[in-house]
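**Q** Fold the following and give me the result.
(3 chains)
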Amino acid sequence: MPELPEVETVRRTLYDKLVGRTIARVEIITPRQVYHPDPDTFRAELEGIAFTDLKRRGKYLLLELGDRLTLVCHLRMSGHLFICDPGRPRDKHTHVIFHLNDGKELRYEDQRKFGGFHLLGPTGEGMPPGLRTLGPEPLSDDFTPQVLEQALAGRRSPVKAVLLDQSAVAGLGNIYVDEALFCARVHPERPAESLSPDETYRLHGCIRSVLERAVERRGTTFSLYFDGEGKSGDMYDELQVFDRTGAPCPRCGAPIVKLAVAQRGTHVCPACQPAPEGARLQPRRATPGRRGDSVAVAAEPPKPYKKKGD
DNA sequence: CGTATGCCCTGCGCGC
DNA sequence: TGCGCGCAGGGCATAC
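**A** Model prediction:
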């Protein structure tokens, strides 16, 4: 599940391989992964245009072309955008192929077909609504403790739900929200507005440090993620709570517990992150089937599941 | 406006 | 061994 650090890693690994290259031909295998405009216009606009820059906002990858086009790509749960040779066998989930003038291909694969493309002109028409309402970049100078305080103010929802809201803060997903809240010693079910100034300050610093470290480690390969060169990220083995149900808390040794908060699997240290008054304290019913949810033996650290064959 | 719910889609672990 | 069920999740539309 690509969040900010993974999308940033994809951006960095694609940059040198894309900027300056021209799209010779666009092959749309699954039309529904092109959300805007219609496939024929999409192809016609892009063919013959060169990549000029690669940017990122939150979890959106912004591929700039010529001097007036922006190709917006969102990977959602299982999207992959990567460079490869034309000879590479096509995966059954290959949906769009951009044939480049240097002989390489930029491919979009997506098992769950949740992600895809929006092509924007100078007016920004067709922009995904979430990009329009996106909150501050957590790693930018604009993101101050005051900005976080404002985002949490007046919101009675669990703080985890607010942090997952991309209009509050851009780029956080399930993994790094759990990690940031653990780092700040704040329970995810705490009403967002109930955080003290000190807790808000801590949470702000933790959001930044967790994301910075994850970018340094080139993201987390938990299930399906790999970067623009097909490589896995290294952050998994530094995760403190996410996917560590039953394993000892790195800070106090208490077993990590899995709960459901805002309909999301949520990992907490019950000792380090005190539950709010009146919170449902019983652990989330262990859902069968999710890889990694099995209670880990303390002596044995969880093993990352890495996609094979890249 | 803030909050809650269901949908999209598919691979996978589990129960039988 | 094989089959079917139901869960997982980010963003968005829709409803309150």
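**Q** So which residues of chain A form helices?
**A** Along chain A, counting by DSSP state H, helices occupy A:4-18, A:39-46, A:129-132, A:145-152, A:159-164, A:174-184, A:197-216.
**Q** nearest residue to the residue in chain A that DNA strand C sits nearest to other than its sequence neighbours?
**A** Per C-beta to the nearest atom of the strand, A:Gly130 is where chain A lies closest to DNA strand C, at 1.9 Å. (C-beta placed from N, C-alpha, C; glycine too.) The shortest distance from A:Gly130 to any non-neighbouring residue, by C-beta to C-beta, 6 or more residues apart in numbering, is to A:Gln166 (5.7 Å).
**Q** With A:Glu6 instead?
**A** A:Gly219 (3.8 Å).
**Q** same thing with A:Asp165?
**A** In space, A:Asp165 is closest to A:Gly135, 7.6 Å off (C-beta to C-beta, 6+ apart).
**Q** Hmm, A:Ala170 and the one you found touching each other?
**A** Yes: here A:Gly135 reaches A:Ala170: they are 4.9 Å apart, a contact under C-beta atoms under 8 Å.
**Q** Overlap of the contact sets of the two?
**A** A:Gly58 (C-beta atoms under 8 Å, 6 or more residues apart in numbering).
**Q** Those two: which is more packed in?
**A** A:Ala170 (24 against 18; other C-beta atoms under 10 Å).
**Q** separation between the more buried one and A:Ala151?
**A** Per C-beta to C-beta, to the nearest Å, A:Ala170 is found 11 Å from A:Ala151.
**Q** Then A:Ala262?
**A** A:Ala262 is 15 Å from A:Ala151, by C-beta to C-beta.
**Q** Which one's more surrounded, these two?
**A** Between A:Ala262 and A:Ala151, counting by other C-beta under 10 Å, A:Ala151 is the more crowded of the two (21 against 18).
**Q** just to revisit the earlier point, contacting residues for the residue nearest to A:Asp165?
**A** A:Gly58, A:Ala151, A:Asp165, A:Gln166, A:Ser167, A:Ala168, A:Val169, A:Ala170.
**Q** And for A:Leu100?
**A** A:Leu18, A:Arg21, A:Thr22, A:Ile23, A:Ala24, A:Leu106.
**Q** And A:Lys17, by the same measure?
**A** A:Lys17 neighbours (C-beta under 8 Å, 6+ apart): A:Ile83, A:Lys104, A:Gly228.
**Q** who in the stretch 1-150 of chain A is up against DNA strand C?
**A** Proximity of the stretch 1-150 of chain A to DNA strand C (C-beta under 7 Å from any atom of the strand) is limited to residues A:1, A:3, A:58-59, A:74, A:76-78, A:112, A:114, A:128-131.
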